[in-house]
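Chemist: just a sequence and a predicted model for now, questions to come.
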Amino acid sequence: MTVRVRYAPSPSGTLHVGGARTALFNYLFARHHGGRFILRIEDTDKARQVEGSEVQMMQGLKNLGIQWDEGPDVGGDFGPYRQSERIAGHRAAARDLLAQGKVYPCFCTPEELDAERKLLQSRGLPPRYSGRCRTLSTAQAADWMASKPHVLRLRVPNQGTTVVHDLIRGDVVFENAQLDDFVIMKPDGTAIYNFAVVLDDAGMAISHVIRGDEHLSNTPKQILVAEALGIGGPQFAHVPMILAPDHTKLSKRHGAISVEEYRQQGILPEALVNYLMLLGWSNPSGAEFMTLAEAIEPFDLNRVQHTAAIYDQKKLEWMNGQYLRSVSLSRLEEAIRPFIEQAGIDCAHGPKLHAALELTRERARTLVELVENLRFLYQPPQHFDAKGVDRHFRDDAVAGRLERLAAELDASISWDHDGLVLLFDRLAQAEGVKRAAIIHPTRLALTGKTVGPGLFELMVVLGKQESTDRLRAIVYALRSPQGVPLTPLPGSA
RNA sequence: GACCCCAUGGUCUAGAGGCCUAGGACAUCACCCUUUCAAGGUGGUAACCCGGGUUCGAAUCCCGGUGGGGUCACCA
């Protein structure tokens, strides 16, 4: 059997981590088995549709490297890949079922049903459809159908069980009596989800449906539809959900949940994918760092967890930091370019970007952070860390010391790490202070901060001219009555 | 409420009856390294939800309880 799986989002929002993880597992499963990964857009509910959502979702998946083999944009032999374009098929199938009596029209109004539900609930009973229209005579039904709005309901057997053979959970048994005659077609002639998926999955020859856990309780309905249709359904695999730190469903109020937001935070897509695949699945080798391609071979639904995973931003950022350090400089440059522009940094002048990245990337967890770390290389500091000023500039001797340092630097012929070390040592000795007593004020003068790359490495990249210029500017400021401009808010140390 | 799913440190997980004195990773704490901050290294705190079985032996199997989650639309 050829493996064909799909990810079928409704274009009602952005691609969020839960959806991305589901798509990821589908993708990995397809690739592992040499099968096909299909993208289908479930856009039958016009009311919930969000403009641009479809494009955004596709872009999000592409950014993560999750490429589909068939879909609305790339086509395929089993199209159309937009559910709204399959409505004719849904209708034909519904008519067929109606002719066979497996489905019947229901004329109850939404208001009536609502009242009925409320009544049942108030008595502590499950809110299920009474089946009032189920027993209408065919003549009566046919008569009303011509004049009254109606939905179509599936005649669900009130006895027996429906069992879901789940690849992850095993057999899950549902009592048919627990289900009511659910709606499969709306009055406007469009299909309800539980009907449309079954038809579309069959139409696209989907072999395995891998989706979030929240769909498990829908599955018996879909199996019942498939049975009514006389078709064999796909195999099912329900993957655990991703929950927020407070153990509830992930939502906007938990902060970033859409993959677009992660991009904006400066999370590398390769890091996000790597983190996501570890939520609910583990490599038998024990490896945690894997590219998408490397995960294909070991991926197996047998190793998918049964428990919901709680999403942890800290670990994501840690992992991102690892990627920031290990990707190639050219990849890093490509990824950081937009952030540099957005931060208003012009790196056409000054150090080479590669050198700047090499110098600063070890200390960042996100691209946003990294940009701030390298800003000083292209822009002289405007403010100076208040605590640092208090600690390193308080001594009256500092100005003179920095002035002599600038002179020494000017006079030096070489400009490399070891030469600078020697120069600092010499000066420290002459001044009768420890080397650190010069290093710290110098870093503060050059970067405005007390933390950052090693001073000598930093100076090599900054260059001689810029370094001495900044030192002299500080000397001047220290001797002026206003002193040094401080950073407005503390805590930047 | 009904139905369904699930249950190893704060978090992600390894573990498929003896290899478990429960392993790894994030986080956290301490120390080392060090010109700062990171990174790195070393070490520490920290878990098998509870109760019954089955078995010579249970984190692993069974039952019950508890807890958490999901679903109960003319949404997907």
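Modeler: It's in. Numbering: from 1, shown residues only, chains lettered A, B, ... in the order given.
Chemist: surely A:L301 meets A:F29?
Modeler: Yes - counting by CB atoms under 8 Å, A:F29 is a contact partner of A:L301 at 6.7 Å. Where you see a C-beta, it was placed from the backbone N, CA and C, and this is true even at glycine.
Chemist: okay, those two: which has more neighbours?
Modeler: Using other CB atoms under 10 Å, the more surrounded residue of A:L301 and A:F29 is A:F29, with 23 against 18.
Chemist: what about that one, distance to RNA strand B?
Modeler: 16 Å (CB to the nearest atom of the strand, to the nearest Å).
Chemist: so that residue is in which element?
Modeler: helix A:17-32 (DSSP states H and E).
Chemist: just checking, next helix/strand downstream of that helix?
Modeler: Going down the chain from helix A:17-32, the next helix or strand is strand A:36-39, by DSSP H and E.
Chemist: the helix or strand just after that next one and RNA strand B, are they touching?
Modeler: The element immediately downstream of strand A:36-39 (helix or strand, assigned by DSSP H and E) is helix A:53-64. No - contact of helix A:53-64 with RNA strand B (CB under 7 Å from any atom of the strand) is absent, the minimum separation being 11.4 Å.
Chemist: kindly report the same for stretch A:250-269.
Modeler: No - contact of stretch A:250-269 with RNA strand B (CB under 7 Å from any atom of the strand) is absent, the minimum separation being 8.7 Å.
Chemist: can you get me the start-to-end distance on that stretch?
Modeler: 20 Å (CA to CA, to the nearest Å).
Chemist: show me the contacts for the closest residue to A:T190 other than its chain neighbours.
Modeler: The spatial neighbour of A:T190 that comes closest, neighbours along the chain excluded (CB to CB, 6 or more residues apart in numbering), is A:T44 at 5.2 Å. For A:T44, the contacting residues are A:Q83, A:S84, A:I87, A:T190, A:A191, A:Y193, A:A196, by CB atoms under 8 Å, 6 or more residues apart in numbering.
Chemist: touching, the fourth one and A:G89? I think so.
Modeler: No - counting by CB under 8 Å, no contact exists between A:T190 and A:G89, whose distance comes to 11.8 Å.
Chemist: related to what we said a few turns ago, now restrict the contacts of A:T44 to buried residues only.
Modeler: The neighbour count (16 or more other CB atoms under 10 Å) marks A:Q83, A:T190, A:A191, A:Y193, A:A196 as buried among the contacts of A:T44.
Chemist: which of these sits closest to RNA strand B?
Modeler: A:Y193 (3.0 Å; CB to the nearest atom of the strand).
Chemist: so what's the closest one up against?
Modeler: Per CB under 8 Å, 6+ apart, neighbours of A:Y193: A:E42, A:T44, A:N218.
Chemist: near RNA strand B, from those residues?
Modeler: Restricting those to those near RNA strand B by CB under 7 Å from any atom of the strand leaves A:E42, A:T44, A:N218.
Chemist: buried set for stretch A:6-15?
Modeler: A:R6, A:Y7, A:A8, A:P9, A:S10, A:P11, A:G13, A:T14, A:L15.
Chemist: out of the residues you listed, which are close to RNA strand B?
Modeler: Answer for the buried residues of stretch A:6-15 near RNA strand B (CB under 7 Å from any atom of the strand): A:A8, A:P9, A:S10.
Chemist: ok, these vs RNA strand B, which is closest?
Modeler: The shortest gap between RNA strand B and any of these belongs to A:S10, at 3.1 Å (CB to the nearest atom of the strand).
Chemist: surely that closest one and A:K46 touch.
Modeler: No - look at A:S10 against A:K46 with CB under 8 Å: they stay out of range, at 10.9 Å.
Chemist: tell me how many other residues crowd the residue nearest to A:G34 when sequence neighbours are not counted.
Modeler: Using CB to CB, 6+ apart and skipping residues adjacent in sequence, the residue nearest A:G34 is A:V3, 7.2 Å away. Here the number of neighbours of A:V3 (other CB under 10 Å) works out to 17.
Chemist: for A:V3, grab phi and psi.
Modeler: Phi and psi for A:V3, reported as degrees, to the nearest 10, are phi -80, psi 130.
Chemist: hang on, the earlier thing: find residues that contact each of A:S10 and A:K46.
Modeler: By CB under 8 Å, 6+ apart, no residue touches both A:S10 and A:K46.
Chemist: contacts for the lowest-mean-pLDDT helix or strand in chain A?
Modeler: Lowest on mean pLDDT, DSSP states H and E among the helices and strands of chain A sits helix A:110-122, with a mean of 86. For helix A:110-122, contacts defined as CB under 8 Å, 6+ apart pick out A:C108, A:P126, A:P127, A:R128, A:Y129, A:S130.
Chemist: residues contacting the nearest residue to A:M204 once chain neighbours are set aside?
Modeler: Spatial nearest neighbour of A:M204, excluding adjacent residues (CB to CB, 6+ apart): A:F78 at 4.2 Å. A:F78 sits next to A:I38, A:E70, A:G203, A:M204, A:A205 when contact means CB under 8 Å, 6+ apart.
Chemist: are any of the residues you listed buried, and which?
Modeler: The neighbour count (16+ other CB under 10 Å) marks A:I38, A:E70, A:G203, A:M204 as buried among the contacts of A:F78.
Chemist: ok, the third one to A:R40 distance?
Modeler: When CB to CB, to the nearest Å is the yardstick, A:G203 and A:R40 sit 10 Å from each other.
Chemist: would you map the strands across chain A?
Modeler: Using DSSP state E, the strands of chain A run over A:4-7, A:36-39, A:103-106, A:151-154, A:161-166, A:170-175, A:183-185, A:208-212, A:235-239, A:242-243, A:309-310.
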